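J.: build me a structure from this.
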Amino acid sequence: MLKEFKNFIMTGNVIDFAVAVIMAGAVGLVVNGFVADIVMPIVGQFAGGMDFADMKLVLTETSGVKGEAGYVAENAIRWGAWVNTIVNLLIVGFVMFLIVKAYNKTKTPPAPPAPSGPSQEDLLVEIRDLLKKQ
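T.: Numbering: from 1, shown residues only. Below you'll find the model as predicted:
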């Protein structure tokens, strides 16, 4: 059973999948950093200098002191974080589109099938012509 597991793990598909998962995580971190550190400040600047991550609709204000009896935490709809997530999704989708498009360009198109010789009709015409000459 251990030998079968070793054969399974060492197949190309499992190793390719592991590399793909690690690369996807790295690409995700790069894209998230790009969105959070570059795109969202630009979007915020065009939106009047606001930071979307802090935008929220407060339903219940904080009351009391944290850690003491009667403390009530703030309850808010963080719609700005949601806007950041939507922008992040769009950018990740666009980056993945560009990666797949570039990958597809590197693939060579399949070679057209080589002619397999004269067709059956050509051979029959040739035989007919030879018979006519006799």
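J.: helix, strand, or coil at the residue nearest in space to the middle of the chain?
T.: With distances taken as C-alpha atoms, centre = their mean, M96 lies nearest the centre of the chain, 4.0 Å away. Per DSSP: H, G, I helix; E, B strand; the rest coil, the secondary structure class of M96 is helix.
J.: before we move on, what about A76?
T.: strand.
J.: quick check: it touching K56?
T.: Yes. Assessed by C-beta atoms under 8 Å, A76 is found in contact with K56 at 4.2 Å. Every C-beta, even on glycine, is put in place using the N, C-alpha and C of the backbone.
J.: hmm, back to that, what pLDDT does the residue nearest to the centre of the chain get?
T.: pLDDT for M96: 80.
J.: quick one, what contacts it?
T.: Listed by C-beta atoms under 8 Å, 6 or more residues apart in numbering, the contact set of M96 is empty.
J.: just the pLDDT at G12, thanks.
T.: Confidence at G12, expressed as pLDDT, is 67.
J.: for V65, give its distance to A73.
T.: 12 Å (C-beta to C-beta, to the nearest Å).
J.: I meant to write N104 there.
T.: Going from N104 to A73 by C-beta to C-beta gives 50 Å.
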